[in-house]
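> sequence below, structure please.
(chains A and B, ligands or ions: 6)
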Amino acid sequence: MAEATIAAEKPAEAGNGNDMLLEVDGLVRHFDVSPPFLNRVLERTGRRIVRAVEGVSFSIRRGETFSLVGESGCGKSTVARLVVGLYPPSAGTLQFEGVDISSPRARRENPTIQSRMQMIFQDPYASLNPRWRVADIVAEPIRVHRKGVSRTDVLARVGELLRQVGLSASDGEKFPHEFSGGQRQRISIARALAGEPEFLVCDEPTSALDVSVQAQILNLMKRLQKRLGLTYLFISHDLAVVYHVSTIVGVMYLGRLVEWGPTKELFGAPRHPYTRMLLDAIPDLEMSGRARIPVAGEVPSPIDPPPGCAFHPRCPLASDRCRQEVPKAVGSATAAVACHAVEEGRLPPWHGA
Amino acid sequence: MTASDEPSDRPLLEVRNLRIEFPTRRGTLVAVDDISFAIAPGEVLGVVGESGAGKSLTGAAIIGLLEPPGRIGAGEILLEGERIDKLPYEELRKIRGKRIGTIFQDPLTSLNPLYTVGEQLIETIRTHLPLGETEARARAVNLLEEVGIPAADERIDHYPHQFSGGMRQRVVIALALCAEPRMVVADEPTTALDVSIQAQIISLIKRLCRENGTAVMLVTHDMGVIAETADRVAVMYAGRIAEIGPVTEVVKHAKHPYTHGLMGSIPAIGHDVDALTQIDGSMPRLNEIPTGCAFNPRCPKAFDRCRVERPSLMPAGRSSVACWLYEDEAKEAAHGG
Ligand SMILES: Nc1ncnc2c1ncn2[C@@H]1O[C@H](COP(=O)(O)OP(=O)(O)OP(=O)(O)O)[C@@H](O)[C@H]1O
Ligand SMILES: Nc1ncnc2c1ncn2[C@@H]1O[C@H](COP(=O)(O)OP(=O)(O)O)[C@@H](O)[C@H]1O
Ligand code: SF4
Ligand code: SF4
Ligand SMILES: [Mg+2]
Ligand SMILES: [Mg+2]
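Numbering: from 1, shown residues only, chains lettered A, B, ... in the order given. Ligands and ions are numbered 1, 2, ... in the order given. Okay, here's the model as predicted:
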C-alpha cells in the first residue's frame, strides 16, 4: 500500500537528558456511584465508590510503545482517559516532558501539550460523526489547531493523510457509513494524525475488528510510528496483540499495575501469578498439546475489592499475609512485580515459554 | 446417552447445498451459497471466518431461526437423517431445545430477565422431559453444579442480572444442555468474555458434549478457540466454504490462500515479526461478490481461470479446498484410487 510522504516528517527529537515523554505517578481515579442521599439513609447503605484506578505509576519513553493489558473492568480505559485529560485524576500526577498536566487547569495553561496528544477509540462506528463527510472529519483537528490555514491547504493535507492510512484522497467525499470497520478505524487514525501529535493513546484500536483487518491496522500503526517517531500508550486485552506491538507491557488487575517489564522478559518469564494465569488462558494455536492450568473464578467488583492483594481469591499462592497486606511493586521503573510470594521467594518456576 | 448408541458413520447433522438469500427490491442477495458439511455424534465442527462470512446465518438456518425476509433458497438440512428445513414453526420449536440446544454470544438473549434461573431451567426441562417439579428442580441444580456454579442450590433462585457475564454464559450452557440435545449450535459463545473465563467455558462445552456424544457446531472468529476445541474446521469466506478438514490440517497446513493469509495475520506470543501477513482489501459486500472464485481480487495466487469459473470443494490431502490450485492433486487422487 503506497503512502505519500508527509510534509510534517518528524524524527524523534534529540533527548534533553530526560527522554521520558510521559510520567505517571500514583494515579488514582474513583467514581462515586452511590444512590441518592435519601435512599442511602432509608436503605442504611453507605457510599458506593468504584475504585477504577488505585495508584498506577509508569513512564513512557519517546518513540516507544507502552501497553496496558488486563481483563474487562480492570481500569485500562480509565487510565487512557486520565492521560488525555478526559477525566481529572482523584489523586496522583501526570507529567508530559516534565511539565505537570495533572489538573484541568494545568492542561488549560499548556494548550500546546494537549494538542500533541490524541486518542483513538475502540469503536470506529461510534467515534466518527455520521453526518460529516470524511474530509471534514479528518480536517477538524487541523482547523482547530492551525487557525487561518487556507481551504486548499487543508484539503491537500487531508488527501495526504488519507493516503497515509491506506485510503484514497477521493474517499474524503464519502460518509462514514460507506466504509467497513477497518476502513473507519483508518479514518480515525487519519483524524488523530491530523493535528500532528507525537503521542497517541490507543484504547483497544483493533478489538472490534476481524483478525485480517486487525493485521492491516497494526501494520499501519507500526509503520506510522517508525516514520513519524510516534509514542504510543496502547491498550488491549489481547496478549498476542500486545506482544506484537509493545516495548514495555504493564499488567493491570482491579485498578493496579501488578507487574510490568520489557515485552520479551515479561512474556518469557512472567512472575506475577495473575500474569501467569492470563498467559495460561490463551488458547494454544500451536496445538502443542500443552496442559493448561485451569483458571478459577472471575474478576471481583472494583466497588468492594478484596482486602490485601486483590488477586488473592483466585491465587494458588495466597497466604494469610496476602489476605491482609497490599503487596508493593518491587523492582525498577522498567521491570517490577507486586507480589508477596515473589518477595518471599516462594514463587515456583514458570513452566516455560 | 453415549456416542456408541449411534452408528458412527452416520452423521448427526447434514447440510447439503444450503443457500440462504434475502430478496430485495434490487434483486436477491445470496448470503450463503451452496455449502455442504456434516457433523458426526460427539464431534465438534468449528466454523471460522471474518464477520459477514455467513457463519451466523448458517447456524440460524439449522435451528430454524432465520429472520425473514431471510430464507433458505435451496438445499436441505438433515438431523439424524430426517429433514428439518421445511418443518412448520411449532415442530421446529420442539426440536429446538429438545434435540438442538443453542448458545449465543450474548447470554442475555437466551435468558428472560423476569424469571429466576431455576424457573427457566425447570420449565425447559419439563417441556422436553417427562419429569415432575421436584425431579426437574433436582436436575436443574445438578446441571448448574456441572457447569461450575458454586452454591447451585441457592443460586438457582437468583435472577439473571444477579450473575456475572461468565456465570450467565454458564447458565445458558446449562439451559442449552438441560433436555439432553443431540446437537448444540454455539455462535460466538465466548466472544464477549474475558480470556480467563473463555478458557473455562470452552473446556466446559467440550467436556459436556464429549461425555454425552453431542455434536457441536462452534461458530467463532477466534482461531485459537478453534485450535483448542474443534475436531474439524470449516473456513468460510463470502458465504462459501473455502476449506474444510481436520483441525490440525487446517491450522498447521492451511491450503486455501485465504486460510493461509488468515493464519498469518494472527499475532502470536513468541513469534517475532516486524509486520503481520496482510490480506489487502476487504471481504466483498453481498451485492459485489466477484464472479469465479470470490477471493480472487485479494488472492496473491489468482490466475485467469479464477476470475471466471467458481471452484467447488475438491479433496486435497485430508482436507477439501475450494481452490483451482488443487485441481490437479484432486484429479490425481480420483484416478490413482
Ligand atoms: N464514568 C464512570 N462511572 C462509574 N464507574 C466507571 C466509570 N468509568 C469506568 N467505571 C468503572 O471503573 C472500572 C474500570 O473501567 P474501565 O473502563 O477503565 O475498564 P477497562 O479495563 O477499560 O475494561 P474493558 O476491557 O471492559 O474496556 C469498571 O468497574 C467500570 O465499570
Ligand atoms: N437481515 C439481513 N438482510 C440482509 N443481509 C443480511 C441480513 N442478515 C445478514 N445479512 C448478511 O448476510 C451475510 C452473512 O451474515 P452473518 O451470517 O451474520 O455473518 P457472520 O456470522 O459470519 O459474521 C452478511 O453479509 C450480512 O450482512
Ligand atoms: S500477593 Fe499473594 S495473593 Fe497476591 S498474587 Fe502474590 S501470592 Fe498471590
Ligand atoms: S481459486 Fe484462484 S483466486 Fe481462488 S483462492 Fe484459489 S488461486 Fe486464489
Ligand atoms: Mg476499556
Ligand atoms: Mg455472526
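> how about the strands in the chain?
Let's take chain A. With strands called from DSSP state E, chain A shows them at A:20-32, A:49-61, A:65-69, A:91-96, A:99-100, A:117-120, A:199-203, A:231-235, A:248-253, A:256-262, A:330-331, A:336-337.
> was after chain B, sorry
Going by DSSP E, chain B shows strands at B:13-24, B:27-39, B:44-48, B:71-79, B:82-83, B:100-103, B:183-187, B:215-219, B:232-237, B:240-246, B:314-316, B:319-321.
> possible to save those strands as TSV with mean pLDDT and distance to residue A:162?
To be clear about C-beta, it is placed using only N, CA and C from the backbone, and glycine gets the same treatment. Compiled in TSV, the strands of chain B are given as follows (pLDDT from 0 to 100; distance: least, C-beta to C-beta, whole Å):
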stretch	mean pLDDT	distance to residue A:162
strand B:13-24	96	31
strand B:27-39	95	30
strand B:44-48	96	32
strand B:71-79	96	39
strand B:82-83	94	52
strand B:100-103	92	42
strand B:183-187	94	36
strand B:215-219	95	35
strand B:232-237	97	28
strand B:240-246	98	31
strand B:314-316	95	41
strand B:319-321	96	37
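> so which of those strands comes closest to residue A:299?
With C-beta to C-beta as the measure, strand B:100-103 is the member of the strands of chain B nearest residue A:299 (22.0 Å).
> show residues contacting the closest one.
B:62-63, B:65, B:79, B:96, B:110, B:169, B:172-173, B:175-177, B:179, B:181-187, B:189, B:205, B:214 (C-beta atoms under 8 Å, 6 or more residues apart in numbering or on different chains).
> chain center to it, what's the gap?
11 Å (C-alpha atoms, centre = their mean, to the nearest Å).
> can you map out the helices along the chain?
Since you didn't name a chain, this refers to chain A. Listed in chain order, the helices of chain A (DSSP state H) span residues A:37-43, A:76-84, A:104-109, A:111-115, A:134-145, A:151-164, A:181-194, A:211-228, A:239-245, A:263-268, A:273-281, A:320-324, A:340-343.
> that was the other one, I meant chain B.
Under DSSP H, chain B gives helices at B:55-62, B:89-98, B:107-110, B:117-128, B:133-146, B:152-155, B:165-177, B:195-212, B:223-229, B:247-252, B:257-264, B:304-308, B:327-336.
> from the contact counts, what lies against the second one?
Here helix B:89-98 is seen to pack against helix B:117-128 when contacts are counted using 3 or more C-beta pairs under 8 Å, 6 or more residues apart in numbering or on different chains; DSSP states H and E.
> what packs against the helix it packs on?
helix B:89-98, helix B:133-146, helix B:165-177.
> number of residues surrounding residue B:159?
Close neighbours of residue B:159, defined as other C-beta atoms under 10 Å in any protein chain shown, add up to 16.
> and it, what is it in contact with?
Counting by C-beta under 8 Å, 6+ apart, residue B:159 has contacts B:113-117.
> comparing the helices and strands packed on helix B:117-128, which comes out most buried?
Highest mean neighbour count among the helices and strands packed on helix B:117-128 (mean count of other C-beta atoms under 10 Å in any protein chain shown): helix B:165-177, with a mean of 24.
> what's in contact with that helix?
Contacts for helix B:165-177 (C-beta under 8 Å, 6+ apart): A:72, A:298, B:101-104, B:107-108, B:110-111, B:117, B:120-121, B:124, B:140, B:143-144, B:146-149, B:160, B:163, B:184, B:186, B:189-190, B:192-194, B:197, B:200-201, B:204-205, B:208, B:212, B:214.
> put the buried members of those into a ChimeraX selection.
Remark: buried members of the contacts of helix B:165-177, expressed as a ChimeraX selection using 16 or more other C-beta atoms under 10 Å in any protein chain shown:
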select /A:298 /B:101,102,103,104,107,110,111,117,120,121,124,140,143,144,146,147,148,149,160,163,184,186,189,190,192,193,194,197,200,201,204,205,208,212,214
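> can you narrow the contacts of helix B:165-177 down to the ones near ligand 1?
residue A:72 (C-beta under 6 Å from any ligand atom).
> hang on, the earlier thing: ok, which of the helices of chain B comes nearest residue B:236?
Nearest to residue B:236, of these and by C-beta to C-beta, is helix B:55-62 at 5.7 Å.
> in the stretch 1-150 of chain B, where is pLDDT below threshold?
Within the stretch 1-150 of chain B, the stretches with pLDDT under 70 are B:1-9.
> okay, the helices and strands packed on helix B:117-128 in JSON lines with distance to residue B:334 next?
What follows is the helices and strands packed on helix B:117-128, written out as JSON lines (distance: least, C-beta to C-beta, whole Å):
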{"stretch": "helix B:89-98", "distance to residue B:334": "37"}
{"stretch": "helix B:133-146", "distance to residue B:334": "47"}
{"stretch": "helix B:165-177", "distance to residue B:334": "41"}
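> looking at the ones you listed, which is closest to residue A:81?
So among these, helix B:165-177 is nearest, using C-beta to C-beta, at 22.4 Å.
> residue B:301 - how many residues pack around it?
12.
> how close does it sit to residue B:257?
With distances taken as C-beta to C-beta, to the nearest Å, residue B:301 is found 5 Å from residue B:257.
> check residue B:327 too.
Residue B:327 is 14 Å from residue B:257, by C-beta to C-beta.
> and what of residue B:277?
Counting by C-beta to C-beta, the gap from residue B:277 to residue B:257 is 11 Å.
> okay, which residue is most central for chain A?
Nearest to the mean C-alpha position of chain A, by C-alpha atoms, centre = their mean, lies residue A:235 at 3.0 Å.
> skipping adjacent residues, who's closest to the residue of chain B found nearest ligand 1 in space?
The minimum distance from chain B to ligand 1, using C-beta to the nearest ligand atom, falls at residue B:194 (8.0 Å). Nearest non-adjacent residue to residue B:194, counting by C-beta to C-beta, 6 or more residues apart in numbering or on different chains: residue A:71, 4.1 Å away.
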